[in-house]
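Engineer: Curious how this folds, go ahead:
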Amino acid sequence: MHSKVKRSVKFTCFSLAVLLVAGLIAGCAANLPCPVGEDQATQARAKCLAAEKQLQEANARIAELEAQIQSRQATIQELEAKKAELEAAMAPAK
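Structural biologist: Sure thing, here's the model as predicted:
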């Protein structure tokens with residue numbers, strides 16, 4: 001009876017291995033061609049390129065606006081410093 005159990009276990013392991021290999025082969029071989037037409041793919045590529053161009057333009061605009069913000073913040077700081085100087089100069093005159 002012990003040999004029957006061993007034989008059953010070996011057969012089960014072998015069957016599982018065969019099923020695993022068959023499943024892997026079937027999974028790898030099941031890649032079917034894309035059902036999308038060439039014109040649709042071309043249109044999608046064109047839209048993608050247009051979106052990338054818009055993204056680049058938006059990033060450039062962001063960089064410009066950030067530079068403007070930094071410039072204006074520097075101007076504000078200069079004006080605040082000048083205001084403080086003028087207030088300090090006027091304080092003893094009172």
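Engineer: What mean pLDDT does the longest helix along the chain get?
Structural biologist: Ranked by residue count under DSSP state H, the longest helix found in the chain is helix 38-90. Taken as a whole, helix 38-90 carries a mean pLDDT of 94.
Engineer: Now find how far off-centre it is within its chain.
Structural biologist: In terms of CA atoms, centre = their mean, to the nearest Å, the centre of helix 38-90 is found 22 Å from the chain centre.
Engineer: How much space separates residue 63 from residue 76?
Structural biologist: Separation of residue 63 from residue 76 (CB to CB, to the nearest Å) stands at 20 Å. Bear in mind the C-beta positions are built from the backbone N, C-alpha and C, glycine included.
Engineer: Please provide the alpha-carbon coordinates for stretch 64-80, formatted as PDB.
Structural biologist: Coordinates of each C-alpha in stretch 64-80 appear next as PDB, following Å, rounded to 0.1, in the frame of the first residue of the first chain:
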ATOM      1  CA  GLU A  64       8.000  81.800 -16.700                       C
ATOM      2  CA  LEU A  65       5.400  82.400 -14.100                       C
ATOM      3  CA  GLU A  66       7.600  81.100 -11.300                       C
ATOM      4  CA  ALA A  67      10.400  83.500 -12.500                       C
ATOM      5  CA  GLN A  68       7.900  86.400 -12.400                       C
ATOM      6  CA  ILE A  69       6.800  85.500  -8.900                       C
ATOM      7  CA  GLN A  70      10.400  85.400  -7.700                       C
ATOM      8  CA  SER A  71      11.100  88.700  -9.400                       C
ATOM      9  CA  ARG A  72       8.100  90.300  -7.800                       C
ATOM     10  CA  GLN A  73       8.800  88.900  -4.400                       C
ATOM     11  CA  ALA A  74      12.300  90.400  -4.600                       C
ATOM     12  CA  THR A  75      10.800  93.700  -5.500                       C
ATOM     13  CA  ILE A  76       8.400  93.500  -2.600                       C
ATOM     14  CA  GLN A  77      11.200  92.700  -0.200                       C
ATOM     15  CA  GLU A  78      13.200  95.700  -1.600                       C
ATOM     16  CA  LEU A  79      10.200  98.000  -1.100                       C
ATOM     17  CA  GLU A  80       9.600  96.700   2.400                       C
END
